[in-house]
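S.K.: what's the 3D shape of this:
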Amino acid sequence: MSTLFKNLFIIFLVSMVFSSCELLDLFGEEEDESATMCYSISGNILSVNCSSNKYGGCDGGSLGTYASWSDCSKDMSAVLETWRTSGVLAAGPNADSGGGGNNSSSAPGYCTSTYQGPQGEPQRDSFCEAAWLYLCKNGYSPNSKEVKSYCDLYRQMNDISTPKENCPYCR
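M.R.: Residues are numbered from 1 along each chain as shown. Now for the predicted structure:
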């Protein structure tokens, strides 16, 4: 009986190895497949992770696609450091393409490729820049909760700031 058990166990192992190539994923054999850097923001906390393009995209926003998983993983610290030091959400240096569906068909006509809003009052103007990032760089709708929230915050700060300036991305 023990020989039968050993033979069945060997047959089971061999069939598992040959029947499913997906087992290789469990052991990291396909580490360099393409990936997308996903992000979510809660208050002033940014969370990023790399998601395999093989299994779908991001639930939240995207900061770009990468030819390999390892490039995406390397950029995570750069993205988090940029956020920590400047409050700016930007794709990492190894990204192949921009995130969030940013293209000319999804961005409003008043979007610009670089931030062109006010810069005299950093506390207030960072909200305008955040609206620009979501709207023009990440392809969010002007009616998205993210863009609306940052524009509302900009307007509130603008009410108590001098000089008063309009944010071109908040309409």
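S.K.: domain parsing for the protein?
M.R.: 30-100, 103-171 (automatic domain parsing).
S.K.: check those domains for me: which has the lowest mean pLDDT.
M.R.: For the domains of the chain, mean pLDDT drops lowest on domain 30-100, to a mean of 76.
S.K.: quick one: the strands in the protein, in order.
M.R.: Applying DSSP state E to the chain gives strands spanning 35-42, 45-52, 61-66.
S.K.: just name the most buried of those.
M.R.: Stretch with highest mean neighbour count among the strands of the chain: strand 61-66 (a mean of 23; mean count of other CB atoms under 10 Å). In this view, the C-beta of every residue, glycine as well, is placed from N, C-alpha and C.
S.K.: for that strand, which helices and strands make contact with it?
M.R.: strand 35-42, helix 69-86 (3 or more CB pairs under 8 Å, 6 or more residues apart in numbering; DSSP states H and E).
S.K.: dump these to a markdown table, plus distance to Met157.
M.R.: Formatted as a markdown table, those follow (distance: least, CB to CB, whole Å):
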| stretch | distance to Met157 |
| --- | --- |
| strand 35-42 | 18 |
| helix 69-86 | 18 |
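S.K.: so which of the ones you listed gets nearest Phe127?
M.R.: Distance to Phe127, taken as CB to CB, is lowest for strand 35-42 among the helices and strands packed on strand 61-66, at 13.1 Å.
S.K.: what helices or strands is the closest one leaning on?
M.R.: Against strand 35-42 (3+ CB pairs under 8 Å, 6+ apart) you get strand 45-52, strand 61-66, helix 69-86.
S.K.: give me the distance from that strand to the chain's centre.
M.R.: For strand 35-42, the separation from the chain centroid amounts to 3 Å (computed by CA atoms, centre = their mean, to the nearest Å).
S.K.: where along this structure do the helices fall?
M.R.: Taking DSSP state H, the helices of the chain run over residues 2-19, 23-26, 69-86, 122-132, 145-159.
S.K.: now the last one: buried residues?
M.R.: Of the residues in helix 145-159, those with enough neighbours to count as buried (16 or more other CB atoms under 10 Å) are Glu146, Val147, Lys148, Tyr150, Cys151, Leu153, Tyr154, Met157, Asn158.
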